[in-house]
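Visitor: A predicted structure for the sequence below; I have some questions about it.
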Amino acid sequence: MAPRAAEAIDPRVPIPSEVVSGPADPALVSKVILYYAQAAHKGDVAFEAALPNAERMVAAAGPAQSESWIAAQQAVSALIASRAPVTEAISHLDELASSQVIANGGILPGDLEIIQAASRLASTIGDREAAVIDRLQRQLAR
């Protein structure tokens, strides 16, 4: 029998304990900036623009199923729709990280750091918006 490939490796060869580090890949940084800008600017600006109307409509809503309540529900639905770029950006950032792992068998620390930082910032925006929507929906459920 011929030796297997794994048997050809000398077990005494030291395994490097240092992680390869370096700056983030510039092409990756461009993508991360694009996705974060999509969340921070396009999505959050649209959400903030739609928020006063939704708050006003919810505050003026009558009992459930009334015309004013339905109008308030529609305003909250429009508010939810306005935050789509934020949720898409978070999804794109997650996809970017996983595609790096799949393509390269891992992810370099500099790349991981930039993706995680943008994900945290975009998630903070998304969490804040979700909390506002939850508050408005609770007000309508009264």
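Guide: Right, received. Where do you want to start? Everything numeric here is computed off the predicted structure, so don't read it as measured data.
Visitor: now Ala141. Its backbone dihedrals?
Guide: With angles defined as degrees, to the nearest 10, Ala141 sits at phi -80, psi 0.
Visitor: flag the shaky bits of the chain, pLDDT-wise.
Guide: 1-22 (pLDDT under 70).
Visitor: ranges for the strands of it?
Guide: In the chain, no strands are found when defined by DSSP state E.
Visitor: max-length helix in it?
Guide: Longest helix of the chain, by residue count under DSSP state H: helix 109-140.
Visitor: who's in contact with stretch 68-85?
Guide: Residues from elsewhere that reach stretch 68-85 (CB atoms under 8 Å, 6 or more residues apart in numbering): 38-39, 42-44, 46-47, 49-51, 53-54, 56-58, 60-63, 126, 129, 132-133, 136-137, 140. The C-beta positions use only the backbone N, C-alpha and C, and glycine is treated the same way.
Visitor: can you flag which of those belong to helices?
Guide: 44, 46-47, 49-51, 53-54, 56-58, 60, 126, 129, 132-133, 136-137, 140.
Visitor: what's the PyMOL syntax to select whichever of the contacts of stretch 68-85 are buried?
Guide: Selection command for PyMOL covering only the buried members of the contacts of stretch 68-85, criterion 16 or more other CB atoms under 10 Å:
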select buried, resi 38+39+42+43+44+46+47+50+51+54+57+58+61+126+129+132+133+136
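Visitor: ok, the residue sitting nearest the centre point of the chain to Val29 distance?
Guide: Note on the chain: the residue nearest the mean C-alpha position is Ile90, at 1.7 Å, using CA atoms, centre = their mean. For Ile90, the distance to Val29 equals 18 Å [CB to CB, to the nearest Å].
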